[in-house]
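Q: just coords:
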């Protein structure tokens, strides 16, 4: 069962919403709703229009993971919506790594040198994953002014792709 990573847009909105809300609400008890995330209902305009993207990982045509990129400056972007269904996490499938590698490859091809992300401390495995991938912790004050941060986020990471 090898995951297929491909760009996805609005036609996958229902599957994306189901996957992400289930992980946020049921698994991690994050008090967030679809109303708090209108971007998920308009992926084409929110992610692609500004030069970003949205990718899905599929196993047997089932959406099992997502990652998104919001380009907010000429050479800077934010990672968003990095989620992998519980049953498909870990080294056996390496879905998170494949999603991140796809996003980084896109950044290199599109001259995006700085990647940023915001998350919450409860997502410990995610934080370890980003650390393993050379993201360094930064303070909120160090974020670029245009960074599209979300209210629940209080842990921030940065990766310079030029190094």
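A: Received the coordinates, thanks. Since the structure is predicted, the reported quantities are computational estimates derived from the model, not experimental observations.
Q: what about the nearest residue in space to residue 53 that is not next to it in sequence, how many residues nearby?
A: In space, and not counting its chain neighbours, residue 53 is closest to residue 69: 5.0 Å by CB to CB, 6 or more residues apart in numbering. Backbone N, C-alpha and C define where each C-beta goes, glycine included. Number of residues near residue 69 (other CB atoms under 10 Å) recorded here: 26.
Q: I'd say residue 69 and residue 77 touch.
A: Yes. When contacts are counted by CB atoms under 8 Å, residue 69 is listed as touching residue 77 (5.1 Å).
Q: ok, residue 112 - how many residues close by?
A: Close neighbours of residue 112, defined as other CB under 10 Å, add up to 22.
Q: going forward, count from 34.
A: All set: I'll call the first residue 34, so the last point we hit is now residue 145.
Q: hang on, it packs against residue 111?
A: No. Contact criterion CB under 8 Å: residue 145 and residue 111 do not qualify, at 10.2 Å.
Q: hey, what's in contact with both of those two?
A: residue 102 (CB atoms under 8 Å, 6 or more residues apart in numbering).
Q: now for the helix or strand that contains residue 52, which elements pack on it?
A: According to DSSP states H and E, residue 52 maps onto helix 46-54. Helix 46-54 sits against strand 86-92, strand 95-106, strand 109-117, with contacts defined as 3 or more CB pairs under 8 Å, 6 or more residues apart in numbering; DSSP states H and E.
Q: let's test this: mean pLDDT of the following helix or strand past that helix, rounded?
A: In the C-terminal direction, the helix or strand that comes right after helix 46-54 (DSSP H and E) is helix 76. Confidence over helix 76, taken as the mean pLDDT, stands at 96.
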